[in-house]
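[1] just coords:
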């Protein structure tokens, strides 16, 4: 199989620079994407369909990664962007390729439901302050800096260092309307030590389905579920991309045995990939998206499942080139070849709510420490995603239980 050429880095794991060769003063790219619109319908986001919406995210001389998750089917799309504590100098801006936003308004969308009914909930002040007009959003091309990022070094203390707004992680959300869940999310993101940005308020969602908000971010304690905790936990998982896992497989149910064969040592029922939540370095998200998507705006879950089972990966050849392979070539050994994707089998950060009941979770320590424990894996996840049959969802009850803790 012929590789796809990408800029690369010699170390392993590689430095997460951009997928194009850019000047040294603008290393790193953050990309915003969306996972599924529904658990089996209209889930694409990385496809190369016609796109109107683009987003600009900060680029830093540091390792960067993002968590992408649906907050509301047809209402909220969230991207959680984190940076490591490495030296960050000469922060730059660059654009996100159009196809990363191409399915926010899919070509076939809007034919069934039109504009989503407003929930009748006023936006909180934190949400209002975070709302950005997509049409008026400033576009910055490669190498263009924002004024407030000049002379920022996030490795140093003070207002020109890690106390700067430019150095904070950022959670970017697409929401057509305000809701109690959005207001709660804004509070939890704030207390976790992250910036919050909301696109889409007052616009129409053009997807096929509309449903309740289906993601909860736990309110952070002084440690658990803070930006630094999530960042450190992700890094300890030693993979460029970490996807949420679940106990059921959809839509390719016939691939169940392949999942079991791929991870025979895993002692967890959460062995199937779910695209509702994933964390990854920006360069890895870009590599995988541009490699596996071929104009499909309907099913990112299927696409990522295939990429995972095919061992999509890369080889670093020099500081200027990374070769990306849709599947592992037979002539490469494991030392040369690095796969992109692993799963959060033990709920270290994420938890699919498919097939779950409230009895799955131990809340005994939550009010004191902010920890909710999965009693099956003993994991302590921070992000909970209600996928699957929404008629059996437990997320509303779960959200009420964790929404008003003493430390939030």
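    Thanks, I have the structure now. Just so it is clear, the structure is predicted and the values come from calculations on it, not from any experiment.

[2] number of residues surrounding residue 161?
    Close neighbours of residue 161, defined as other Cβ atoms under 10 Å, add up to 15. To be clear about C-beta, it is placed using only N, CA and C from the backbone, and glycine gets the same treatment.

[3] partners of the nearest residue to it once chain neighbours are set aside in the sheet?
    Of all residues not flanking residue 161 in the chain, residue 153 sits nearest, at 5.7 Å (Cβ to Cβ, 6 or more residues apart in numbering). Beta-bridge pairing of residue 153 under DSSP bridges involves residue 89.

[4] isn't residue 153 up against residue 159?
    No: at 11.4 Å, residue 153 does not count as touching residue 159 under the criterion of Cβ atoms under 8 Å.

[5] and these two? Which one has more around it.
    More crowded of residue 153 and residue 159, by other Cβ under 10 Å: residue 153, with 18 against 9.

[6] and the gap between that one and residue 163?
    11 Å (Cβ to Cβ, to the nearest Å).

[7] just residue 180 next, same as before
    Residue 180 is 31 Å from residue 163, by Cβ to Cβ.

[8] next: residue 278.
    Distance from residue 278 to residue 163, by Cβ to Cβ: 30 Å.

[9] so residue 273 lies in a strand, does it not?
    Yes: looking at residue 273 with DSSP: H, G, I helix; E, B strand; the rest coil, it is inside a strand.

[10] pretty sure it contacts residue 308?
    Yes: in this structure, residue 273 is within contact of residue 308 by Cβ under 8 Å, at 5.2 Å.

[11] which residues do the two both contact?
    243, 341, 343 (Cβ atoms under 8 Å, 6 or more residues apart in numbering).

[12] mind checking which of those are in strands?
    243, 341, 343 (DSSP state E).

[13] how about TSV for those residues, with neighbour count added?
    As requested, those are arranged in TSV below (neighbours: other Cβ atoms under 10 Å):
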residue	neighbour count
243	27
341	23
343	26
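
[14] and these, which is closest to residue 249?
    residue 343 (12.1 Å; Cβ to Cβ).

[15] now that closest one, which residues is it bridged with?
    Bridge pairing for residue 343 (DSSP bridges) gives the partners residue 243.

[16] so it sits against residue 239, correct?
    No: between residue 343 and residue 239 there is no contact under Cβ under 8 Å: 9.0 Å.

[17] please enumerate the helices of the protein.
    125-130, 180-191, 227-236, 256-262, 282-292, 300-309, 366-369, 395-402 (DSSP state H).

[18] packing partners for the first one?
    Where contact means 3 or more Cβ pairs under 8 Å, 6 or more residues apart in numbering; DSSP states H and E, helix 125-130 is packed against helix 180-191, strand 195-199.

[19] before we move on, what about the fourth one?
    In this structure, helix 256-262 packs against strand 272-281, helix 300-309, with contacts taken as 3+ Cβ pairs under 8 Å, 6+ apart.

[20] please apply the same query to the third one.
    In this structure, helix 227-236 makes packing contacts with strand 64-72, strand 76-83, judged by 3+ Cβ pairs under 8 Å, 6+ apart.

[21] now the last one: mean pLDDT?
    Averaging pLDDT along strand 76-83 yields 40.

[22] do the same with stretch 344-353
    Computed over stretch 344-353, the average pLDDT equals 95.

[23] end to end, how far does that stretch reach?
    Start-to-end span of stretch 344-353 (Cα to Cα, to the nearest Å) is 14 Å.

[24] how about residues contacting it?
    67, 230, 233-234, 237, 242-247, 263, 266, 268, 270-271, 274, 276-277, 279, 374, 377-388, 393-395, 398.

[25] how near is the residue nearest to residue 161 to residue 281?
    21 Å.

[26] and residue 386, by the same measure?
    For residue 386, the distance to residue 281 - Cβ to Cβ - is 27 Å.

[27] kindly report the same for residue 261.
    27 Å.

[28] and what of residue 358?
    34 Å.

[29] give me the more crowded residue out of those two.
    residue 281 (27 against 10).

[30] what's the pLDDT at that one?
    For residue 281, the predicted pLDDT is 71.

[31] measure it to residue 241 for me?
    8 Å.

[32] kindly report the same for residue 256.
    22 Å.

[33] just residue 268 next, same as before
    19 Å.

[34] also residue 393?
    27 Å.

[35] between these two, who's got more neighbours?
    Per other Cβ under 10 Å, whichever of residue 393 and residue 241 has more neighbours is residue 241, with 24 against 18.

[36] apart from its chain neighbours, what residue comes closest to that one?
    residue 280 (3.7 Å).

[37] can you spell out which residues form a bridge with that neighbour?
    residue 66, residue 241.

[38] for burial, what's the neighbour tally of it?
    With other Cβ under 10 Å as criterion, residue 280 counts 26.

[39] and it, how far from residue 234?
    9 Å.

[40] likewise residue 261?
    Taking Cβ to Cβ, one finds residue 261 at 26 Å from residue 234.

[41] comparing those two, which shows the higher neighbour count?
    More crowded of residue 261 and residue 234, by other Cβ under 10 Å: residue 234, with 21 against 9.

[42] run a quick neighbour tally on the closest residue to the more buried one other than its chain neighbours.
    The spatial neighbour of residue 234 that comes closest, neighbours along the chain excluded (Cβ to Cβ, 6+ apart), is residue 279 at 5.1 Å. For residue 279, the neighbour count with other Cβ under 10 Å is 29.

[43] was I right about residue 279 contacting residue 242?
    Yes: using Cβ under 8 Å, residue 279 is in contact with residue 242, at 4.7 Å.

[44] who touches both of these two?
    234, 349.

[45] quick one: contacts for residue 223?
    Here residue 223 is in contact with residue 229 (Cβ under 8 Å, 6+ apart).
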